[in-house]
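S.K.: generate coordinates for the sequence data below:
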Amino acid sequence: MHSIEKATAIARDLLDLAEEMADRTMKRADDIGGLTAMFLARAHQALDSVILLANRGSIADAMAVARTIIELDIDHAYISQEPVTRVVMFSAYELVAGYKIAVAIDDLHGGTIDRELMALVKERRDDALTAIVEASGNEKPRDWAGNNISERATAVGRANAYRLAYRDMCGASHSGMATLRYAMVGSDDAPRVHFGLMTPNEKPIELASMGMLSLIASASVACAIDDLDGAIKTVQDALIPAKKSDEEPA
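M.R.: Numbers count the residues shown, from 1 in each chain. Next up, the predicted model:
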């Protein structure tokens, strides 16, 4: 673990590197290049927020925001395995999600939304679902990929990131004792409810940085950008120091 000052400095280096990588990916004349730039831009926003929140003492919120970066990294790696079909699937799912919102709005207003408009939104939803089903082979897709994020993480070699970092971040954001503990201080036998900010902590920054580093590396491979490999390695070495051997002096 780094000090919060060191973790923050490394994270800011990653922000610069993500922006540089996005500039490179946008120069590609294909869908994966543009989508990758958007992934990097959204992760950039999230990491910037994590830095601010963790340094402020909003630890649970920093962990919750950090989850976005881990999820983006998993999905980008998964899309990159089969970009021709999965870019389309990922983009199409927005129409499925949009239809759910439209139905909720229609229900809220007593079914008074224009029927032709609702029919058009449903038609687009149906077309998107058909494309996802055909591409995924799953007749009842849970989400854009037809599976769940745990399966996607395993498929792209990120099972540990899902089982450890991602679940820890979910615990900080979902209703349950795990998130309530972020509002408690004191020893286990005499805890007390705490209002306001906690002590600044580097953990959310370091976990979010690991996700960002992985996403940047994924973007490099997916978009065949190797001129930033040296910069990636420099940040990686700073974030994950090499372990000393038994023979090496302390």
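S.K.: and the one helix or strand residue 21 maps to, how far out from the chain's middle?
M.R.: Following DSSP states H and E, one finds residue 21 within helix 4-25. Centroid separation for helix 4-25 versus its chain: 15 Å, with CA atoms, centre = their mean, to the nearest Å.
S.K.: just stretch 180-191 next, same as before
M.R.: On CA atoms, centre = their mean, the centre of stretch 180-191 falls 29 Å from the chain's centre.
S.K.: so what would you say the end-to-end distance of that stretch is?
M.R.: 12 Å (CA to CA, to the nearest Å).
S.K.: if we can go back for a sec, following element in sequence after the helix holding residue 21, please.
M.R.: helix 31-56.
S.K.: and the helix or strand following that next one, what does it pack onto?
M.R.: Going down the chain from helix 31-56, the next helix or strand is helix 59-81, by DSSP H and E. Helix 59-81 sits against helix 31-56, helix 83-108, helix 149-155, helix 167-173, helix 203-222, with contacts defined as 3 or more CB pairs under 8 Å, 6 or more residues apart in numbering; DSSP states H and E. Quick note: C-beta positions are derived from backbone N, CA and C, even for glycine.
S.K.: could I get those helices as JSON lines with distance to residue 191, mean pLDDT and mean neighbour count?
M.R.: Formatted as JSON lines, the helices and strands packed on helix 59-81 follow (distance: least, CB to CB, whole Å; pLDDT from 0 to 100; neighbours: other CB atoms under 10 Å):
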{"stretch": "helix 31-56", "distance to residue 191": "22", "mean pLDDT": "97", "mean neighbour count": "21"}
{"stretch": "helix 83-108", "distance to residue 191": "39", "mean pLDDT": "92", "mean neighbour count": "15"}
{"stretch": "helix 149-155", "distance to residue 191": "32", "mean pLDDT": "96", "mean neighbour count": "17"}
{"stretch": "helix 167-173", "distance to residue 191": "17", "mean pLDDT": "95", "mean neighbour count": "18"}
{"stretch": "helix 203-222", "distance to residue 191": "19", "mean pLDDT": "97", "mean neighbour count": "24"}
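S.K.: including distance to residue 3, could the ones you listed go into a markdown table?
M.R.: A markdown table is the format used below for these (distance: least, CB to CB, whole Å):
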| stretch | distance to residue 3 |
| --- | --- |
| helix 31-56 | 12 |
| helix 83-108 | 38 |
| helix 149-155 | 30 |
| helix 167-173 | 21 |
| helix 203-222 | 10 |
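S.K.: and of these, who's closest to residue 141?
M.R.: Among the helices and strands packed on helix 59-81, helix 83-108 comes nearest to residue 141, with 8.6 Å by CB to CB.
S.K.: any idea which of the helices and strands packed on helix 59-81 gets closest to residue 23?
M.R.: Among the helices and strands packed on helix 59-81, helix 31-56 sits nearest to residue 23 (CB to CB), with 8.0 Å.
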